[in-house]
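Student: dropping a prediction and its sequence here:
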Amino acid sequence: MKIVLVSRIDEADALRYTASLARELEGLGHDVALEEGTAAHLGEEGISFEEIDGDLVVVVGGDGSVLLTVHQMKKQVPVLGINWGEVGFLADLEPDEAGAFFAAHRDGFDVERRMRVSLSVNGMPLGDALNEGLVVTDRPAKMLRFGVYVDGTPAERFRADGLLVSTPTGSTAYAMSAGGPIVDPQIEGFLLVPLAPYMLSSRPHLISTRRNLEITLETEKPAHLVIDGQSTFELEKEATLTVKKSDQPALFVHTGKPFFEKVNRKLRNL
Ligand SMILES: NC(=O)c1ccc[n+]([C@@H]2O[C@H](COP(=O)([O-])OP(=O)(O)OC[C@H]3O[C@@H](n4cnc5c(N)ncnc54)[C@H](O)[C@@H]3O)[C@@H](O)[C@H]2O)c1
Ligand SMILES: Nc1ncnc2c1ncn2[C@@H]1O[C@H](COP(=O)(O)OP(=O)(O)OP(=O)(O)O)[C@@H](O)[C@H]1O
């Protein structure tokens, strides 16, 4: 198989592990390339995130490394995370499980699709999110006024510090911390979770991806859109955010680890 390796570049032992994994995979007969940031730290040549193609991308890092890789790939390639992070919710394998996994999957593996959301502002596409798009105030302690429109019908208006438009995958991330529900990733929906809403009755909404969803910023105050914590865009005053299901879902290698067991194991003892 053609395998690309990505390592977090802020930890030397992750880079060393990645270099030894590259040699191990070549020994199994695979064609191995390194992402260019990873390669540079190993004194080698690599390929850009945008050029990544092939059968598998192995990410050695935590959730941010996985999110960065998925966000930067132009074409979605199946991702396998090897956890070298603080939580590594999206990184299914521990380093000591990798050898057995690759020995048992020399010719391939099953793949899970994970929906992403495509975010556009005033008609301009800004990118796809695997976790969430976050609209947040620029100025601490200042609120924004949001309007939520479902199929053109006003569904909610409220003032808040921000608003998360999360996927089921992101329901265990920021959306969880903001009081949203854990959503089974086999459900496809848009999870809206306000950040510190200034009203008694504002609730998270789980909206079908078959609906047209628009979010209006109804204040003159400056705001930003942050996608997966990886890219940030300044929003104009009174911007309209359009949310659609991406036609390029993220692809994850199926490692057989049950989602709800992972929630219990990784998130109950944070
Ligand atoms: N208060 C919060 O919980 C909070 C605040 C900011 C960002 N975040 C999340 O962090 C993500 C960016 O990750 P990062 O590592 O670059 O930032 P980071 O380093 O600030 O880490 C945020 C934490 O969220 C965890 N996380 C990320 N995605 C997750 C997921 N799908 N399920 C469970 N936990 C997850 C990470 O493991 C990490 O511990 C954002 O997409 C957002 O969802 C959470
Ligand atoms: N190849 C790379 N090039 C540039 N930056 C990278 C690369 N790999 C990882 N990063 C960045 O380095 C940081 C590594 O943090 P990461 O989230 O992977 O670990 P963590 O925060 O310790 O674990 P977790 O997110 O699971 O709690 C991320 O913010 C990611 O954006």
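Tutor: Perfect, thanks for sending it. Numbers count the residues shown, from 1 in each chain. Ligands and ions are numbered 1, 2, ... in the order given.

Student: could you count how many residues lie near the residue in the stretch 101-250 of the chain that ligand 2 sits nearest to?
Tutor: For the stretch 101-250 of the chain and ligand 2, the shortest gap (Cβ to the nearest ligand atom) falls at Gln230, measuring 6.3 Å. (C-beta placed from N, C-alpha, C; glycine too.) Each residue near Gln230 was counted by other Cβ atoms under 10 Å, and the total is 17.

Student: look up how far Thr232 lies from the nearest residue to it once chain neighbours are set aside.
Tutor: Computed as Cβ to Cβ, 6 or more residues apart in numbering, the closest residue to Gln230 that is not its neighbour in sequence is His71, at 4.8 Å. According to Cβ to Cβ, to the nearest Å, His71 and Thr232 sit 12 Å apart.

Student: around ligand 2, which positions in this protein sit nearby?
Tutor: Within reach of ligand 2 by Cβ under 6 Å from any ligand atom, the chain has these residues: 6, 8-10, 35, 37-38, 61-65, 68, 85-88.

Student: narrow those to those in strands?
Tutor: Using DSSP state E, the subset of the residues of the chain next to ligand 2 located in strands is 6, 61.

Student: now, which of the residues of the chain next to ligand 2 lie within helices?
Tutor: 37-38, 63-65, 68 (DSSP state H).

Student: and those residues, which are buried?
Tutor: Neighbour-count burial within those applies to 38, 63-65, 68; the criterion is 16 or more other Cβ atoms under 10 Å.

Student: which one of these is nearest to ligand 2?
Tutor: For those, the residue nearest ligand 2 by Cβ to the nearest ligand atom is Gly64; the value is 2.5 Å.

Student: so who does that closest one touch?
Tutor: 8, 85, 229-230 (Cβ atoms under 8 Å, 6 or more residues apart in numbering).

Student: measure Val150 to ligand 1 for me?
Tutor: Between Val150 and ligand 1 the computed distance is 23 Å (Cβ to the nearest ligand atom, to the nearest Å).

Student: sorry, wrong one. I was asking about Glu188.
Tutor: Using Cβ to the nearest ligand atom, Glu188 is found at 16 Å from ligand 1.

Student: does that residue really touch Ile207, like I thought?
Tutor: No: taking Cβ atoms under 8 Å as the definition, Glu188 is not a contact partner of Ile207, at 10.6 Å.

Student: wait, Leu251 touches Val77, no?
Tutor: Yes: Leu251 lies in contact with Val77 (Cβ under 8 Å); the separation is 6.8 Å.

Student: overlap in contacts, the two.
Tutor: Counting by Cβ under 8 Å, 6+ apart, nothing touches both Leu251 and Val77.

Student: quick one, helices of the stretch 101-250 of the chain?
Tutor: Under the criterion DSSP state H, counting those that start in this stretch, the stretch 101-250 of the chain contains helices at 174-177.

Student: quick one: low-confidence parts of it?
Tutor: The stretch 101-250 of the chain contains no residues with pLDDT under 70.

Student: got the residues of it near ligand 1?
Tutor: Within the stretch 101-250 of the chain, the positions near ligand 1 by Cβ under 6 Å from any ligand atom are 131-132, 169-170, 172-174, 177, 228-229.

Student: buried ones among these?
Tutor: Judged by 16+ other Cβ under 10 Å, buried ones among these: 131-132, 169-170, 172-174, 228-229.

Student: among those, which are located in strands?
Tutor: Counted as lying in strands by DSSP E, out of those, are Glu132.

Student: now the buried ones among the residues of the stretch 101-250 of the chain next to ligand 1 as a markdown table including distance to Arg203?
Tutor: Output for those, formatted as a markdown table (distance: Cβ to Cβ, whole Å):
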| residue | distance to Arg203 |
| --- | --- |
| Asn131 | 21 |
| Glu132 | 17 |
| Thr169 | 21 |
| Gly170 | 18 |
| Thr172 | 19 |
| Ala173 | 19 |
| Tyr174 | 17 |
| Asp228 | 24 |
| Gly229 | 24 |
